[in-house]
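Enquirer: Below are the sequence and a predicted model for it; my questions follow.
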Number of protein chains: 2
Amino acid sequence: MDYHAHRLLTIQSHVSTGYVGNRAATFPLQLLGWDVDAVNTVQFSNHTGYGRFGGLRFDAEHLEQVFTAMAENYLICHNRVLTGYTPSPEALEVVETLLREQRRKNPGLVYLLDPVMGDMERGMYVNPDVLPIYRRMLPLASILCPNQFEAQKLTDITITSLDTMYHVLEKLHGTYNAPHVLLTSVDLPDMDLAKLGAASAMPDGQPAMLLVGSSRVDGDAKLHPWFIQFPSLGEYFSGVGDMFSALTLARFSASRDDLPQPASASCQDYTHEASECGTPIAQAVALAVASLQAVLSRTRAAMIALGQEQRIDPFQPSHLLPVDERVKVMRMRELRIIQSAQDILHPSVQYRPRWAPLP
Amino acid sequence: MDYHAHRLLTIQSHVSTGYVGNRAATFPLQLLGWDVDAVNTVQFSNHTGYGRFGGLRFDAEHLEQVFTAMAENYLICHNRVLTGYTPSPEALEVVETLLREQRRKNPGLVYLLDPVMGDMERGMYVNPDVLPIYRRMLPLASILCPNQFEAQKLTDITITSLDTMYHVLEKLHGTYNAPHVLLTSVDLPDMDLAKLGAASAMPDGQPAMLLVGSSRVDGDAKLHPWFIQFPSLGEYFSGVGDMFSALTLARFSASRDDLPQPASASCQDYTHEASECGTPIAQAVALAVASLQAVLSRTRAAMIALGQEQRIDPFQPSHLLPVDERVKVMRMRELRIIQSAQDILHPSVQYRPRWAPLP
């Protein structure tokens, strides 16, 4: 047994109640056999979407003290690193310094960078000064997973078509040297969806989410894009992106041997058709999506039951509600991660990645 | 499905690497199906036994802000609460206020209080001003689990014999009204061990740990003490007490129905002989001890392998080492909790609680 393998560092928020940031990432990672080190960037009572919360954003000095002591004590020797929301530009610079050092010492490090800045609906929801820092950090990452808004900000390209989307991928692979890119949600005009071979909705009429991935194979300048569609992961839930990035990193493997083997974990092969993309990152995404769909379906069932019990519509737009109602609705929407251990260990893959046409 | 059951709040330390406090408690609790809320009282790089660490003890004001926001947002509605090491008297008073309020609102609350203050080897290792606060908190607890040192401090009685040990139990049940008391480690003279019906060593010659429990049944002033012996849980390891209290609280049930049912959890009946004690708290302890024995045996195997690899004796007295060696030894001793998921879910009970003679 290799006692040094399967060490993973995650640097994200901590909330005392509910599941975002490190609270959405840690349990799934541990369940899948990763020995997780967790540095918390904040401690809040609950996530900020409740509209009322208490606690602290930790300053850069505190984070630096923790990282320095870890380094002095020979504890910075992870195979994988995961970063997400970081509360301030100063704190992000501390994370940057750490990753720069780790990357220098360990070329084999697998680092998933989720450049959390905002989304298409809400725009930028962090201090815009983090943008140049994220740009500097991009070349350190193995896997980038921006959403459309973040990818546009990072590349200064607006995605309006298949072509502009491919430009974004090319810039992230080329200028920023990213081995794997996942655009976690992309909106394309129907005409471009058709060119991609994607549907404009799920077969049952539900809105379809489009995730586009691409890996740069050594020495090959060409894009090898693929995509996966699945029912909307839900505008109602917080922490979905954090759980997605954790599950993707947990499941990603260039060779199967570098995945931990929890007694009951499974990572089945499922690529049967020529049109299906079975690259390691696409397989990891398919497993992550499958686990998440199960978590969300369990969460929706709980929301409906709790809504009936408390006579509150848990699906109503929460930001319009008085805060005393809003916090109750947000609480109902917390991901049922703990109750979904079996779906995290043994996801049933329904949605499969498919190769996209070359640009 | 009851969406309000199985909510558990744990208030302890957070370390970024390794397993003490909330880091030793949270994963086992989640694995066993508890929806855990975690308030961290510190964030350190690693536990203080390394001799070198960085981070912050959170002050009373921060903890109060977190609890206040949780209360305002209707998030303080736990069935169970677990508290352990709290960094200062001021912080402990904030925890006291929270528990007093919770106890008032929810008489059915199951609260496990581990009054962390010190041990027989090292004496008091926290600010002694916590002692009067712990005394005030004792009547709020459902399960108390002091070690011998802490029990002596709380009751002002020195345990030198079976009789004095029974006086301690009587005082904790009587003066402090504790329903369940676990003396997690007790040293008795051989003569008193014999009176108790306990051995002075394990059958294979290993040192035996003695844990003594007692529950006060409604309206019955008599003690009903029992004990369990098992091989030493190891002077080498940190976090054992924290994991023990978490597992005991997770497994304790007055009625089976109030335990969560993770898909693969087991809680078998194992009481076959008249001398065996099968009370709910004794059963919980037996399951906790069984899981811990497996974790410790896995941890020892890793220590031996890592020690050979790095040519360091991981069992040597670490406090005598230069700090640069000491941190390496402490790292080798970290509990292998993540790797022991199956032993946490399905412990194999080897050591059984037995009734002790009435005083």
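Expert: The structure has been received and is ready for your questions.

Enquirer: any idea which element the residue nearest the centre of chain A lies in?
Expert: For chain A, the residue nearest the mean C-alpha position is residue A:245 (2.6 Å; C-alpha atoms, centre = their mean). Applying DSSP states H and E as the criterion places residue A:245 in helix A:240-251.

Enquirer: any bit of that helix sitting next to chain B?
Expert: No - for helix A:240-251, no contact with chain B is found by C-beta under 8 Å from any C-beta of the partner chain; the gap never falls below 12.2 Å. C-betas here are computed from N, CA, C, even on glycine.

Enquirer: touching chain B at all, the lengthiest helix in chain A?
Expert: Ranked by residue count, the top helix of chain A under DSSP state H comes out as helix A:280-310. Yes - residues of helix A:280-310 are located near chain B by C-beta under 8 Å from any C-beta, namely A:302, A:305-306.

Enquirer: Could you identify the helix or strand that succeeds that helix?
Expert: Moving toward the C-terminus from helix A:280-310, the next helix or strand (DSSP H and E) is helix A:323-332.

Enquirer: quick one on the thing from earlier: can you read off the pLDDT for the residue nearest to the centre of chain A?
Expert: If you check residue A:245, the pLDDT there is 98.

Enquirer: That one touches residue A:114, doesn't it?
Expert: Yes - with contact defined as C-beta atoms under 8 Å, residue A:245 and residue A:114 form a contacting pair (4.7 Å).

Enquirer: Now for those two: what residues contact both?
Expert: Contact criterion C-beta atoms under 8 Å, 6 or more residues apart in numbering or on different chains; residues shared by residue A:245 and residue A:114: A:82, A:84, A:145.

Enquirer: For chain B, tell me which of the residues you listed show up nearby.
Expert: Among the shared contacts of residue A:245 and residue A:114, chain B is touched by none when using C-beta under 8 Å from any C-beta.

Enquirer: Now pLDDT, secondary structure and neighbour count too, for the residues you listed, in CSV please.
Expert: Formatted as CSV, the shared contacts of residue A:245 and residue A:114 follow (pLDDT from 0 to 100; DSSP: H, G, I helix; E, B strand; the rest coil; neighbours: other C-beta atoms under 10 Å in any protein chain shown):
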residue, pLDDT, secondary structure, neighbour count
A:82, 98, strand, 29
A:84, 95, coil, 24
A:145, 97, coil, 26
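
Enquirer: Confirm residue A:227 sits in a helix?
Expert: No - Residue A:227 is assigned strand when assessed by DSSP: H, G, I helix; E, B strand; the rest coil, not a helix.

Enquirer: That one: neighbour count?
Expert: 23 (other C-beta atoms under 10 Å in any protein chain shown).

Enquirer: Below-threshold pLDDT in the stretch 201-350 of chain A: ranges please.
Expert: Filtered on pLDDT under 70, the stretch 201-350 of chain A yields the residue ranges A:219, A:233-234, A:254-258, A:261-272.

Enquirer: Just the closest residue of it to chain B, please.
Expert: residue A:327 (4.3 Å; C-beta to the nearest C-beta).

Enquirer: ok, that residue - contacts?
Expert: Contacts for residue A:327 (C-beta under 8 Å, 6+ apart) come out as A:46, A:50-52, B:72-74.

Enquirer: Now with 10 Å, please.
Expert: A:46, A:49-53, A:318, A:321, B:69, B:72-75 (C-beta atoms under 10 Å, 6 or more residues apart in numbering or on different chains).

Enquirer: from those, which would you call buried?
Expert: Among these, those buried by neighbour count (16 or more other C-beta atoms under 10 Å in any protein chain shown) are A:46, A:49-51, A:53, A:318, A:321, B:69, B:72-73, B:75.

Enquirer: Those in helices, which ones?
Expert: Using DSSP H, the buried ones among the contacts of residue A:327 in helices are B:69, B:72.

Enquirer: Pick out whichever of the buried ones among the contacts of residue A:327 sits closest to residue A:275.
Expert: Of all the buried ones among the contacts of residue A:327, the one sitting nearest residue A:275 is residue A:49; the distance, using C-beta to C-beta, is 38.2 Å.

Enquirer: Spit out the contact partners of the closest one.
Expert: Applying C-beta under 10 Å, 6+ apart to residue A:49 gives the contacts A:18, A:20, A:237-239, A:318-319, A:326-327, A:329-330, A:333.

Enquirer: now swap in residue A:29 and tell me
Expert: Residue A:29 makes contacts with A:6, A:8, A:10, A:22, A:35-36, A:38, A:80, A:82, A:243, A:246-247, A:249-250, A:260, A:344, B:338, as judged by C-beta under 10 Å, 6+ apart.

Enquirer: before we move on, what about residue A:307?
Expert: A:313-316, A:328-329, A:332.

Enquirer: Distance from the chain centre to the helix holding residue A:245, please.
Expert: Mean-position distance between helix A:240-251 and its chain equals 5 Å (C-alpha atoms, centre = their mean, to the nearest Å).

Enquirer: what does stretch A:231-249 give?
Expert: Stretch A:231-249 sits 6 Å away from the centroid of its parent chain (C-alpha atoms, centre = their mean).

Enquirer: Flag every buried residue along that stretch.
Expert: Using 16+ other C-beta under 10 Å as the test for burial, stretch A:231-249 gives A:231, A:233-234, A:236-249.

Enquirer: Buried residues, the longest helix of chain A. List them.
Expert: Of the residues in helix A:280-310, A:281-296, A:298-300, A:302-303, A:306-307 count as buried by neighbour count, 16+ other C-beta under 10 Å.

Enquirer: List the residues that contact the closest residue in space to residue A:352 that isn't next to it in sequence.
Expert: Of all residues not flanking residue A:352 in the chain, residue A:276 sits nearest, at 5.3 Å (C-beta to C-beta, 6 or more residues apart in numbering or on different chains). By C-beta under 10 Å, 6+ apart, residue A:276 lies in contact with A:226, A:228, A:270, A:282-283, A:286, A:352-355.

Enquirer: Any figure for the gap between residue A:220 and residue B:83?
Expert: 57 Å (C-beta to C-beta, to the nearest Å).

Enquirer: Which of these two has more residues huddled nearby?
Expert: With neighbours defined as other C-beta under 10 Å, residue A:220 and residue B:83 compare such that residue B:83 has more, 27 against 9.

Enquirer: so that one touches residue B:12, yeah?
Expert: Yes - counting by C-beta atoms under 10 Å, residue B:12 is a contact partner of residue B:83 at 7.1 Å.

Enquirer: which residues do the two both contact?
Expert: Common neighbours of residue B:83 and residue B:12 (criterion: C-beta under 10 Å, 6+ apart): B:39, B:41, B:114, B:116, B:245.

Enquirer: Closest one to residue B:108 out of those residues, please.
Expert: Checking the shared contacts of residue B:83 and residue B:12 against residue B:108 by C-beta to C-beta gives residue B:245 as the nearest, at 19.8 Å.

Enquirer: Would you check how far apart the closest one and chain A are?
Expert: The spacing between residue B:245 and chain A, counted by C-beta to the nearest C-beta, to the nearest Å, is 19 Å.

Enquirer: give me every residue that touches the residue nearest to that residue when sequence neighbours are not counted.
Expert: Spatial nearest neighbour of residue B:245, excluding adjacent residues (C-beta to C-beta, 6+ apart): residue B:114 at 4.7 Å. By C-beta under 10 Å, 6+ apart, residue B:114 lies in contact with B:12, B:82-85, B:141, B:143-147, B:150, B:182, B:184, B:241-242, B:244-246, B:248-249.

Enquirer: Lovely, talk soon.
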